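Enquirer: need a structure here:
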Amino acid sequence: MRVLVQRCAEAWVTSDGVEVGRIGAGLCCLVGFTHDDDEAMLAKMADKLWNLRLIDDADGVMNLSVADTSQSLLLVSQFTLYGETKKGRRPTWINAARPEHAEPLFDAFVVRLRELGATVETGRFQTEMQVGLINDGPATVLLEL
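Expert: A predicted model of the protein is given here:
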């Protein structure tokens, strides 16, 4: 499981020209799964994301998490996080989980974060989406387990 996390002042996602998710300040997260990911792994990742100290405190130090603030999460499924480019010039997504495996994991990830107390908005699984965001500083990290 991989989660590309970008701290944002605002983020939104549209599908088929319709806005399906929007947050104010928080974290915009692209979420990808591989073949051997399971619910135990996503529970650990949810806890890691919920408690990730990527938000500035009063002194401007990245010392707060979504758990510590009222900020939100925008989660967008993104199988291309598992793109492999070691050979040639055309990526392969052989390591990305098939939709029938990834979609229930994505849904369970959202549920788990909401159980922790997160305000979560999402895109629509397996659709063409456009994601927009206003970055909040140079704060982008890749989470893996």
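Enquirer: can you name the residues that contact the residue nearest in space to the middle of the chain?
Expert: Geometric centre of the chain, nearest residue: Cys29, 2.4 Å, by C-alpha atoms, centre = their mean. Cys29 makes contact with Val3, Leu4, Val5, Gln6, Leu49, Leu73, Leu74, Leu75, Val76, according to C-beta atoms under 8 Å, 6 or more residues apart in numbering. (Glycine included, C-beta is placed from N, CA and C.)
Enquirer: partner residues bridging it?
Expert: Val5, Leu75 (DSSP bridges).
Enquirer: from Asp59, how far off is it?
Expert: 25 Å (C-beta to C-beta, to the nearest Å).
Enquirer: list the buried ones in the helix or strand Val110 falls within?
Expert: Per DSSP states H and E: Val110 is located in helix 99-116. Buried residues in helix 99-116, counting neighbours by 16 or more other C-beta atoms under 10 Å, are found at Ala102, Leu105, Phe106, Phe109, Val110, Arg112, Leu113, Leu116.
Enquirer: could you do stretch 83-102 as well?
Expert: Asn95, Ala96, Ala97, Ala102.
Enquirer: residues in contact with the nearest residue to the last one once chain neighbours are set aside?
Expert: Read that as Ala102. The shortest distance from Ala102 to any non-neighbouring residue, by C-beta to C-beta, 6 or more residues apart in numbering, is to Phe33 (4.3 Å). Counting by C-beta under 8 Å, 6+ apart, Phe33 makes contact with Met1, Phe79, Tyr82, Ala96, Ala97, His101, Ala102, Leu105, Phe106.
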